[in-house]
Every structure is written in structure tokens, then in C-alpha cells.
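Asker: Requesting a structural model of the entry that follows:
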Amino acid sequence: MKDKRLEDDGYCFACGQKNLQGLSLQFSITDGKASAEFILQKIHQGYKDIVHGGIISTILDESMIKAVLAEGINALTAEITVRFRNPLMVGEMAVVEAEITKIGSRLIETAARIKKIDSTIIAEAHAKLLRHESMDRIQ
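Answerer: You can find the predicted model right below:
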């Protein structure tokens, strides 16, 4: 993977604006934290009217990558741990927020949380991202 160049062609499932089947998340960066508001639909459900845990995990993962990219660091997720606390229902507005918790020479540690607007925690995640200095910066 060291020689593989990472490119953003707009079709990322989580944030790609060209991907009509994707989530089209739009992140903002404030005070070193990446965040995005979103509302998921029935096509994102697992059990009836409950958002699928894999979609929740995808959003958490993407938010942590965005927090790292905002610092100009190129990295890929090496390990992610997700703890589900409450279900997110289809049609409910939620917000994801992620931040870097530790920067090492090879690994960057991050944390993220998805909450409902009333501050109910849906899920929390921690990840280790592997720094890759030779990769071109992803925009």
C-alpha cells in the first residue's frame, strides 16, 4: 500500500457528493473536531425503522478520518472499536463529532460520538489510524 496513491473522486460512500446511493455527509471542522449532521432513511435500516449498525460504524469511521485529514495528516483506519448505546431511528436527526486524541510517529488515535439532537448518545468509537507519509494529501 505504500506506493498506492489515495484519491478522492467524489464517490466515497460516506461523503462523496457524486455518489447518489451514498450518505453525502458534509463535514465541518471547528476547534479541531470534524462534525456533520444527518438524517438517515429506510434504505439505511437493519431491523424495522432502526438504522443499521454498519451504517453507524461507517459514519463514525469517516468522521475520524476527516478529523485527521483536517490536520494535514494522511492515514488509513487500522483498527476501530464501536460501542452502541442506543438505537437511532430512521428519520431522526443526529450529529457525529470526531477528534484526534493522540498523535504518534506511526499511529494516530481518534475518538468519535454520534448523538441525537437531545444529546442521547447513539454510539461511540475509538480508532487507530496508520500514518502514511508517502501518500498524497486527500482533498
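Asker: Quick one: neighbours of residue 63, just the number.
Answerer: When counting by other Cβ atoms under 10 Å, one arrives at 29 neighbours for residue 63. In this view, the C-beta of every residue, glycine as well, is placed from N, C-alpha and C.
Asker: Please disregard the earlier target; I meant residue 67.
Answerer: Residues lying near residue 67 (other Cβ under 10 Å) number 27.
Asker: pLDDT value on it, please?
Answerer: Here the pLDDT value assigned to residue 67 is 97.
Asker: Please give me every residue in contact with the nearest residue to residue 112 once chain neighbours are set aside.
Answerer: Excluding its sequence neighbours, the residue lying closest to residue 112 (Cβ to Cβ, 6 or more residues apart in numbering) is residue 98, at 3.7 Å. Residue 98 is in contact with 33, 34, 35, 60, 63, 64, 66, 67, 110, 111, 112, 113, counting by Cβ atoms under 8 Å, 6 or more residues apart in numbering.
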